[in-house]
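Trainee: Here is a sequence with its predicted model. Questions after.
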There are 2 protein chains.
Amino acid sequence: MADDVVTMDKIVSLCKRRGFILPSSEIYGGIGSSYDYGHYGVLLKNNVKGQWWRSLLQERDDVVALDSAIIQHPRTWEASGHIGGFTDPLVDCRTCKLRFRADKLEDAHCGKKPSLRPGEGPDCDLTEARNFNLMFQTTVGPVQEEGSVVFLRPETAQGIFLNFKQYLQFSRKKPPFGIAQVGKSFRNEITPGNFIFRMREFEQMEMEFFVPPAEADKWYEFWKQARFDWYVKLGIREDHLRLRAHDADELSHYSTGTSDVEYLYPIGWQELEGIANRGNFDLTQHAEYSRQNLEYVDTASGDRYLPYVIEPAAGADRATLAFLCDAYDEDQIEGETRTVLRLHPQLAPVKAAVLPLVKKDGQPEVAREILALLRERMQVEYDEGGAIGRRYRRQDEIGTPWSITVDHQTLEDRTVTVRDRDSLTQDRVAIDALADELERRLRAPWRSPKLS
Amino acid sequence: MADDVVTMDKIVSLCKRRGFILPSSEIYGGIGSSYDYGHYGVLLKNNVKGQWWRSLLQERDDVVALDSAIIQHPRTWEASGHIGGFTDPLVDCRTCKLRFRADKLEDAHCGKKPSLRPGEGPDCDLTEARNFNLMFQTTVGPVQEEGSVVFLRPETAQGIFLNFKQYLQFSRKKPPFGIAQVGKSFRNEITPGNFIFRMREFEQMEMEFFVPPAEADKWYEFWKQARFDWYVKLGIREDHLRLRAHDADELSHYSTGTSDVEYLYPIGWQELEGIANRGNFDLTQHAEYSRQNLEYVDTASGDRYLPYVIEPAAGADRATLAFLCDAYDEDQIEGETRTVLRLHPQLAPVKAAVLPLVKKDGQPEVAREILALLRERMQVEYDEGGAIGRRYRRQDEIGTPWSITVDHQTLEDRTVTVRDRDSLTQDRVAIDALADELERRLRAPWRSPKLS
């Protein structure tokens, strides 16, 4: 990314400075690799999730929604293979009490001498490697000890498979159709890191798309392209995205094909989303463990089969990070370096800022009137403090696409200027036409100005 | 509620039949008092949360958003008092292995003879009562055993207090201002129940509003009324809502005043939301435990103080249940009983259904064209199967405010009928004007037709 100005340090710094994303529990010294979303971060991530829902539920006829519980019946994880196989091989150091991935010792640091790796440190006393399950475990309910152990879900997908049969009954859908879900998942990763890229607590946006077995390949190709295009439509530059098919030795045991949408983060190409052809592995497992028939029966043709499943599984945090990185830019205005987030207007936390040029002459009053008018329709901010140039910069830094300025002329003819974050053009628009004009711009197709 | 037709059984039944809310993990026999939101339930609850955010973030200048981690630093819960005091007194039965609340034995059932209460059953062997913490506990991270115990948050509020100081720095707000959060919380309740009213895993909508101490009473009154009004504005009948101040002996130790917004559920008057004056208890505790100064310093006046906090704490699940109960209605149409959800249009899962009167004569094609046009703006459905009356009923049952019917005349003059769910009137509207007309209706003030 030699052609670009963005680094992870700059993103972390901007996120903290402007309150997008903050280290969690910081007043108690933090809790490793855990982050809180601040004001603009919540607005941005809500928009990312909203666009994902929109593309599946609002713009299509064949996808329905689900929000299943985080704590599910423990048999779920026996059937899915997570209890047996969702493990990392770990060694413990009896001296410093740290735990390391046995297959990643070269990347680890001794707890007593961080310049050395485990095994090389003073008094290092490593145990044999043993498999450590990545699921968080807790106990639930009124029954003592036995039978009350449950897990925090490590993925949202299984909640969808558990509900498949009920959806056939009430949703009036039949294959091909999808069930989509957004929600938190938890993995007790030993080596989380890279800001919000890998956290122990993270948010997924997953869909299981159920299809007749003969159509699996077709739909696999369809969703690979559709999910790739979603990122492009929301402003990610195509040369920062690629689809990479897993090699045979990378494939999960249940998958006949998996491709990752990868994004060129400042830390290099990394998985943004995986699209997998899971075959009928999950439904077969849950049918066996629950002793229920999960076949779809086509009443017209008499066909009955276990659908195959195409799964586009995205990370809401990773997507948010990718949108932040791709939007980050610096340019020169009037001899000063400007930091600007060139976010797609639909993703921008704040759509418009309303700014009186001066804090007198009736300008704040008219600005407040415009604020009241716009906030009926969209998220807006009012700012009357300091030089207008500095106020523009503040909005540029959080990615606000339009700044509305009330000036002397406004008091005469009830027009305002609309400054565009990217082109820096200022158009005069009548106050009465302003809300419709901004909504028109919000709905218009958008292309990253970095591409021109 | 003798004047009303709604019962909890009817709500549970409708929710399951139409896929609003389903028992969780049902193919494995369920997991007690845990529910999954199905398609329409997700859309409805997302709208409830969206309206809450809207009322605080979009319509006001003095509230900002937060989304803090579910697993926080464990010191949080020492400071907040949850480790010491968030307990129920419990007894175990050594025979049947069930656990009971010692103070609610009269409501419990013996594990061997459910017609008897614990202590009266055969071989009942109850332990002494001991305090049982309601927080779910788990272990995190790479360090062995000691020091790695963490908790799933039992409330979202504490995440806000932990971030208070950082928000002072970047949010450009000063008291009075609020920090709002929506997210999951977990309580290992011994006696959950009443459908989604009390679950072990639930979703909160909480705000901590920080004020100068002298203004606490004023803001307490303000938020009591504002939160009450929010429910009314979204269509809950005022005679089903009341504000009830806690008696002195009900108050939490930290609170100088708490009022509940109560709703008349089919199970009686129950807490929908609590509004509490928490004083400066939480900031005092976290200042002490973190050894940080959490005072606000007014640079203009030189004043420094720990703000008081007014907390409106709502449950997203309880609110969703209240909206469902209040919307539920039955009436007679053409001699048949109709079930209808008279939801506020802003809350309705689907805003409009597009229905060709017959499945021929070019009607489905025009209907699809209208579908494409409307789904740019809102959540819509297409349905061409079966008699038109039955299709209307289906939409009534999920609360769709408008049904758009394409008929013979449509093919001649490009107008459609817009059927209103509540008044049952049908207006003819030009296709070109339809999207704007529906948006106009969506934005119009709304009043439950049950009130007239």
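Mentor: Happy to help now that I have it.
Trainee: Who are the contact partners of the closest residue to A:M378 other than its chain neighbours?
Mentor: Using CB to CB, 6 or more residues apart in numbering or on different chains and skipping residues adjacent in sequence, the residue nearest A:M378 is A:K351, 4.3 Å away. Using the backbone N, CA and C atoms, a C-beta is placed for each residue, glycine as well. Taking CB atoms under 8 Å, 6 or more residues apart in numbering or on different chains as the contact definition, A:K351 lies against A:P345, A:M378, A:Q379, A:V380, A:T400, A:P401, A:W402, A:L438, A:L442.
Trainee: mind putting those residues in TSV, pLDDT included?
Mentor: Output for these, formatted as TSV (pLDDT from 0 to 100):
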residue	pLDDT
A:P345	98
A:M378	97
A:Q379	98
A:V380	98
A:T400	98
A:P401	98
A:W402	98
A:L438	98
A:L442	96
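Trainee: Just the buried ones out of these, please.
Mentor: A:P345, A:M378, A:Q379, A:V380, A:T400, A:P401, A:W402, A:L438, A:L442 (16 or more other CB atoms under 10 Å in any protein chain shown).
Trainee: neighbours of the closest residue to A:E295 other than its chain neighbours, just the number please.
Mentor: Among residues not flanking A:E295 along the chain, A:R304 sits closest, at 4.7 Å (CB to CB, 6+ apart). By other CB atoms under 10 Å in any protein chain shown, 11 other residues sit near A:R304.
Trainee: List phi and psi for A:R304.
Mentor: The phi/psi pair for A:R304 (degrees, to the nearest 10) reads phi -140, psi 140.
Trainee: Let's see the helix or strand harbouring A:Q270 as CSV, backbone CA atoms only.
Mentor: Using DSSP states H and E, A:Q270 maps to strand A:268-279. These are the backbone C-alpha positions of strand A:268-279, laid out as CSV (Å, rounded to 0.1, in the frame of the first residue of the first chain):
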residue,chain,number,x,y,z
GLY,A,268,-1.8,-6.8,4.6
TRP,A,269,-4.4,-8.9,2.8
GLN,A,270,-6.7,-10.5,5.4
GLU,A,271,-10.1,-12.2,5.5
LEU,A,272,-13.0,-9.9,5.5
GLU,A,273,-15.7,-12.5,4.8
GLY,A,274,-15.8,-16.2,4.0
ILE,A,275,-18.3,-17.7,1.5
ALA,A,276,-18.5,-21.5,2.0
ASN,A,277,-20.4,-24.3,0.4
ARG,A,278,-21.1,-26.3,3.5
GLY,A,279,-23.0,-29.1,1.7
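Trainee: how far does that strand sit from the chain's center?
Mentor: 14 Å (CA atoms, centre = their mean, to the nearest Å).
Trainee: Name the strands paired with it and say parallel or antiparallel.
Mentor: strand A:257-265 (antiparallel), strand A:308-315 (antiparallel) (DSSP bridges).
Trainee: Mind putting the ones you listed into CSV with mean pLDDT?
Mentor: Output for these, formatted as CSV (pLDDT from 0 to 100):
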stretch, mean pLDDT
strand A:257-265, 96
strand A:308-315, 98
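Trainee: which one of these is the most hemmed in?
Mentor: Among these, strand A:308-315 has the highest mean neighbour count (mean count of other CB atoms under 10 Å in any protein chain shown), at a mean of 24.
Trainee: which residues touch that strand?
Mentor: A:52, A:155, A:157, A:202-213, A:215-216, A:219-220, A:222-223, A:226-227, A:272-280, A:282-283.
Trainee: what about dumping the CA coordinates of that strand to CSV?
Mentor: In CSV, the C-alpha atoms belonging to strand A:308-315 read as follows (Å, rounded to 0.1, in the frame of the first residue of the first chain):
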residue,chain,number,x,y,z
TYR,A,308,-27.2,-27.8,0.7
VAL,A,309,-26.1,-24.6,2.3
ILE,A,310,-24.1,-21.6,1.0
GLU,A,311,-22.9,-19.5,3.8
PRO,A,312,-21.6,-15.9,3.4
ALA,A,313,-20.1,-15.1,6.9
ALA,A,314,-19.0,-11.6,7.5
GLY,A,315,-17.6,-9.8,10.5
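Trainee: Could you point out the helix or strand that follows it?
Mentor: helix A:316-327.
Trainee: quick one: that following helix to strand A:257-265, angle?
Mentor: With axes from the mean of the first three to the mean of the last three CA atoms, to 10 degrees applied, the angle from helix A:316-327 to strand A:257-265 works out at 40 degrees.
Trainee: Helix A:316-327 near chain B at all?
Mentor: No. On the criterion CB under 8 Å from any CB of the partner chain, helix A:316-327 is out of touch with chain B, staying 10.7 Å away.
Trainee: which residue ranges form the helices in the stretch 1-150 of chain A?
Mentor: With DSSP state H, counting those that start in this stretch as the criterion, the stretch 1-150 of chain A has helices at A:8-17, A:39-53, A:75-79, A:82-85.
Trainee: By mean pLDDT, show me the worst of those.
Mentor: Of all these, the minimum mean pLDDT falls on helix A:82-85 (a mean of 87).
Trainee: contacts for that helix?
Mentor: A:P74, A:W77, A:E78, A:N133, A:M135, A:F151, A:P154, A:Q158.
Trainee: re the thing from before, which one of the helices of the stretch 1-150 of chain A is the most hemmed in?
Mentor: Per stretch, and counting mean count of other CB under 10 Å, the top mean among the helices of the stretch 1-150 of chain A goes to helix A:39-53, which has a mean of 22.
Trainee: Quick check: which helices or strands does that helix pack against?
Mentor: strand A:177-186, strand A:201-211, helix A:316-327, strand B:63-66 (3 or more CB pairs under 8 Å, 6 or more residues apart in numbering or on different chains; DSSP states H and E).
Trainee: Could you point out which of the ones you listed sits nearest B:D9?
Mentor: Closest to B:D9 of these is strand A:177-186 (CB to CB; 27.0 Å).
Trainee: now that closest one: how far from the chain's centre is it?
Mentor: Using CA atoms, centre = their mean, the offset of strand A:177-186 from its chain centre is 12 Å.
Trainee: Please apply the same query to stretch A:365-384.
Mentor: For stretch A:365-384 - counting by CA atoms, centre = their mean - the centre lies 29 Å from the chain centre.
Trainee: Thank you kindly, that will do.
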